[in-house]
Structure formats: C-alpha cells, structure tokens
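S.K.: predicted structure and sequence below. I'll ask about it afterward.
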Amino acid sequence: MVRAVDSVSFDVAPGETLGLVGESGCGKSTVARCLVRLLDPTGGSIRYAGKEIATLDPHALKPFRRDIQMVFQDPTASLNPRLSVRSMVEEALMLHTKYAPKERRARVEELMHEVGLGRDLLDRYPHELSGGQRQRVNIARAIATNPRFVVLDEPTSALDVSLRSRAILLLENLREHHGLSYLFISHDLATVKYLASRVAVMYLGSIVELSDTRDLFAKPLHPYTRALLAAVPVPDPDAKRDDFALAGEIPSPIDVAPGCRLRGRCPLAKPVCAERPPLKEVAPGRFVACHLASELDA
Amino acid sequence: MSESLFVSSSTALTLMWQRLKQNPLSFAALCVIVLIATAAIFAPLVAPYAPDATDATAALESPSWRHPLGTDEYGRDQLSRIIFAARVDLVVAFAATLIAVTIGGLLGAILGYSRGWADMVAMRAVDALMAFPAFVLAMGITAGLGNSTTNVAIAISITQIPAYLRLTRGEMLRLREMEYADAARTVGNPTWRIVLIHLLPNCLPPLIVQATLATGFALLTMASLSFIGLGIQPPQSEWGVMAAEGASQIVTGEWWLFLFPGLAIMISVLAFNLVGDGLRDLLDPRMRGVR
C-alpha cells in the first residue's frame, strides 16, 4: 500500500495563512483534497471549528461546504467549458443561500467587482477569458458564500509571471477584507514568504518542519528545508549562498525505508536516523522532525 | 437551472453550425434533409395529388409530366405518395432517435458517474444486446409488440439505446475525473446536479454526432422492417412499403415503382450519414485544421 500522506498534522488559526510547501508529488494536493473532502482520508481527523468533518456523509457535510472552499491549481481545467461565468459564480449562492434571484444577481456583480472583473464578463464562457481572468472567476466562485477557510492549491502556478503578483495581491486583499484563513499550497517559496505567516514543509508525505515564516526563512532547521531554500536562485551573484544540497532523487513512496525519510539523501545522516524522528517542538511554535535539529541549530 | 443548460448547449450547437457551413458536402446533405422535412411538413401543399387518390384511367403509368414519378396499379401518384411517406419515415426515425438518445444518454451518464456493480451488470447486458443483430432484434420486438407505428419507433429505439449508453458512459468516466467536476463537488453540488448540469452537457457533442448517424440508420431499419412486412402496414404510404409493393412489379417492367421509393430511402440515409460524418470530423480534434 502506498501512503501518499502520512503523519501530517497542522492547524490554521482564523485569519491566518499557512503556507504548505514541498516538491511535486510530496502529497500537498492530497492534503488539500482531503481537507475539502474530495478524497476520504483513510485515517486521522479533520476538525473545523472544533467539529470533526473527516467522516461526515455528504448530507451532513453540506453546511461545511459553505465555509470551506478551494481554489484549484489549473484555472482552465477547473472551469466548466459549458457554463457561463455567471452560472458558475451564482451556483454556490443558489445552493447555500436563500437569496431571491435579484439579490443573487446583485451579489454576483459585487463578487465580480471584488475580484476585479467587469460585469460584462458574466455572460462569457471560460474559453473567452484570459488565464488571469479565469483564475479570478475561480476565486470569485470560492468566496461567493463568504467562506471562513479557503484552500489555495497552487493558485498562481499556471499563471504568467506578470499576472502572479496581481493574483497574490488580490488574495491578500480578500483575506484582510473578509478575515479569511488560507492554506496556501505552493512550491514557489517567494510567494509563500510573502503571503504566509507560518509555513509547513512537506517531504514524501509528511511534514518535516512547521514554523513561523520569518524564522523558517532566516534559519531553516530541517536539512530538507535547508536544501529547499538553498536551491532558490538569488539575483545577486556576489551574495553569500548556502550550498547545502541533497544527494540523489526523491525516492518512490512505494518503498520508503524505515526511519527518517530523508536519510538516504541527507548529507548529515547519522545512525540515529534509522529511527523515525517525531515532529517535535524545538522552540516555541517551531516544530522539526529531525534528530539532529538541536545540533543544526548550533 | 435548466436555463444554464440551454444556454450552454446552444453555444455548442452554434459552434457546430459554424463549422458545418465550412464543409460543402455535409452542408449540402443538411440542405437535403431540411428540404425533405419541409416537403413532409407541407405535404398537402407540395404534393400534386392526395396520396391515396386512385385513378383507374391512369393505372401503372410511367413517369410523365402529369405524374413525374409515375403511378401504381391503382393509379395513385408516386410523387405524392413519396412526399407523404416522408412524414411517417422522418417522424419515426426522429422519434426513435430521440427516445434512444434520452434513455441511453441518461442511463449512460448515471452508470458512468456512479460506476459500481450496477454499471458492471448494465454493461454486460449492453454487450449482449449489441452482439445480437440489431435488425433481427427489431424484427422480434415488432413481431412481439404488434406493428403499429409507435411500436416500430419503440423497437428501433431499443436497438439503438446500447450505442448511446456506452458512448455516454465512456465520456462520463472521463469527465467525472475532470477538475471542474471536483470544483462542482467542492461548491457543494448534489450528485444529480453534477451529472445533469455540469457533466452531461459536456457529453453532448459526441452524442449529437452519434444521433445524426443513427437517425439515418433508424430510417433504414424502419424501411427494411416495412419491406418485409413487419413495419408500417399498407395502405399507408411509407418508403419501405412502397418499395416492397414495387419490387413485385419489376419483372413486369414497372421499374419506377421500385426505383423511386428506393432512391428516397437512399438519399435520406446518405444525407444523415454525410451530416453525421461532417460533424464527427469537425469535432474530432485530430481532424481540425485538416481541410
């Protein structure tokens, strides 16, 4: 059996953005899909405002659908080619609110304004929109019912670089304005650094480090985080760089060796790493899953 | 709700229409279908005689200015009969297609979306039904139900349901994994809305192609059933019936009685096939731009 995600545990406070980073295939999207219950987790628990939602049946889940939304990675694939912008944005209101048609229309127009799209786009179809506009429609759909928590699954990775910063600013504005909480999934460390107040780093299906964003970027404690940050290109050729690198490739999750999952690639590996390191708090609010974290700190 | 469904499918139709206009053969075929349908609708105005008006003085006349397609042994005008026959032929062909596309499409969508044991059982039933010769099946059904016009339409639709069912199911298996299906689930759509409003409209293009091709085949099946006496019954004008009546007169030299109903069948079926082929080429991404 393949465990795509194993021992992942985190919380998101109201109004907070938690960044979730890691390379492709490490299980970030699986975590996201479990949170919005597109996938049923085989174990563990997901609590929203104190209520367990991991095991709710579709009917009992419906009220939570209003509060927990998701913006998908591919703005084109996540819009139905046969539905107009209006019907997609309006749908959530139709399903979750008792608005009269007129109120619904007004709310849809308000939403379009909020995400920076003109009213004239409402009767267009996805293929008539640009990539940036499509992602804004996705965002409008996700925030239509005033959710409390939005999962952003790499919302900017499919956008042109020029559009990315504008999308990020929009998301940040919406968060401030509506008091949203985000789980921001990305492999773009620069955006994570900008948006997230805390960051969780995933490797091969588990969280290896969870920390305040500033601390994490200033001083990564887990060897994997350190390698990840060292791999970010720096525009200044004279800058002093950490040339910390991992050996080899990410192993297949089908046959993960016991012990620390990074053991085979980690230049610092010691015999103690044959035992699986727990995610433990090494400083207030700072969690690392590495036996050597205290030595790295020194 | 249904409004959005209509808006969306109408854009698909507009697109098809625009592309179809660029394919001269298919467009000509479409014109032929429209022409036949118009003639059928306005048959009393278009036809020179009543279809069952007998004229003993003009029995078995070969084509002339008075009777462009000749007359039969009772002196009935062939052209008028063929025009009136188009009514029953087209209505039954369209009705059979509509029944089959509705039932096959809905069942296929539900089975493809839900998968599971019901899908397994249904698909084996479809395999069995498709392994059975369609014409023999239609014969059996009309023989069993009795050969009224309604029963002929039902029999033909039953033979065609499996094709639509399999097609829609296959599309649905693919579409249910699309990211926009996930998005619809996340928004909180109940399953029926995901299937009917979000995914089924996306199955429409291949279904329309299949339906166009199958309408021609439905017409052919009905004419064949009537030809062997299991479809529409004389004295009603129907192309298969007329061809059957005319066939017995070939040996005595009245060739027009067989030829013209046969041509009517051939031209109509060919027209539906050409339109269907044209639509299929247009919708097949591999064919796009290859003109």
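M.R.: Yes, it's here.

S.K.: contacts and neighbour counts: CA atoms only from here.
M.R.: Fine.

S.K.: the residue in the stretch 101-250 of chain A that chain B sits nearest to: what's its closest spatial neighbour, skipping adjacent residues?
M.R.: Residue of the stretch 101-250 of chain A nearest chain B, by CA to the nearest CA: A:A142 (7.5 Å). With sequence-adjacent residues excluded and distances taken as CA to CA, 6 or more residues apart in numbering or on different chains, A:A142 is closest to A:Q69, at 5.5 Å.

S.K.: repeat that for A:E16.
M.R.: Closest to A:E16 by CA to CA, 6+ apart is A:S181, at 4.8 Å.

S.K.: so that neighbour is in contact with A:Y48, correct?
M.R.: No. Using CA atoms under 8 Å, A:S181 is not in contact with A:Y48, being 11.7 Å away.

S.K.: so the two - more neighbours on which side?
M.R.: A count of neighbours by other CA atoms under 10 Å in any protein chain shown puts A:S181 above the other of A:S181 and A:Y48, at 21 against 17.

S.K.: for that one, name its beta-bridge partners.
M.R.: Counting by DSSP bridges, A:S181 is bridged to A:F149.

S.K.: got the contact list for it?
M.R.: A:V12, A:A13, A:P14, A:G15, A:E16, A:T17, A:R148, A:F149, A:V150, A:R175 (CA atoms under 8 Å, 6 or more residues apart in numbering or on different chains).

S.K.: now the residue in chain B positioned nearest to chain A, nearest residue through space, not along the chain?
M.R.: In chain B, the residue that lies nearest chain A is B:Y180 (3.9 Å; CA to the nearest CA). In space, and not counting its chain neighbours, B:Y180 is closest to A:S78: 3.9 Å by CA to CA, 6+ apart.

S.K.: pretty sure A:D242 sits against A:V232.
M.R.: No. Assessed by CA under 8 Å, A:D242 is found out of contact with A:V232, at 10.1 Å.

S.K.: show me where the stretch 151-298 of chain A has strands.
M.R.: Ranges of strands in the stretch 151-298 of chain A, per DSSP state E, counting those that start in this stretch, are A:181-186, A:198-203, A:206-212, A:280-283, A:286-288.

S.K.: lowest mean pLDDT across those strands, which one is that?
M.R.: For these, mean pLDDT drops lowest on strand A:280-283, to a mean of 86.

S.K.: CA atoms of it as CSV?
M.R.: Only the C-alpha atoms of strand A:280-283 are listed here, as CSV (Å, rounded to 0.1, in the frame of the first residue of the first chain):
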residue,chain,number,x,y,z
LYS,A,280,8.8,17.9,18.0
GLU,A,281,8.7,21.5,19.2
VAL,A,282,12.3,22.7,19.4
ALA,A,283,11.4,26.3,20.2
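
S.K.: what comes into contact with it?
M.R.: Contacts of strand A:280-283 (CA under 8 Å, 6+ apart): A:F287, A:V288, A:A289, A:A293, A:S294.

S.K.: and it, which strands flank it?
M.R.: If you go by DSSP bridges, strand A:280-283 pairs up with strand A:286-288 (antiparallel).

S.K.: need the residues of the stretch 51-200 of chain B near chain A, please.
M.R.: Contact residues (CA under 8 Å from any CA of the partner chain) of the stretch 51-200 of chain B with chain A: B:M178, B:E179, B:Y180, B:A181, B:D182, B:A183, B:R185, B:T186, B:V187, B:G188, B:N189, B:H198.

S.K.: of those residues, buried ones?
M.R.: B:M178, B:E179, B:Y180, B:A181, B:D182, B:A183, B:R185, B:T186, B:V187, B:G188, B:N189, B:H198 (16 or more other CA atoms under 10 Å in any protein chain shown).
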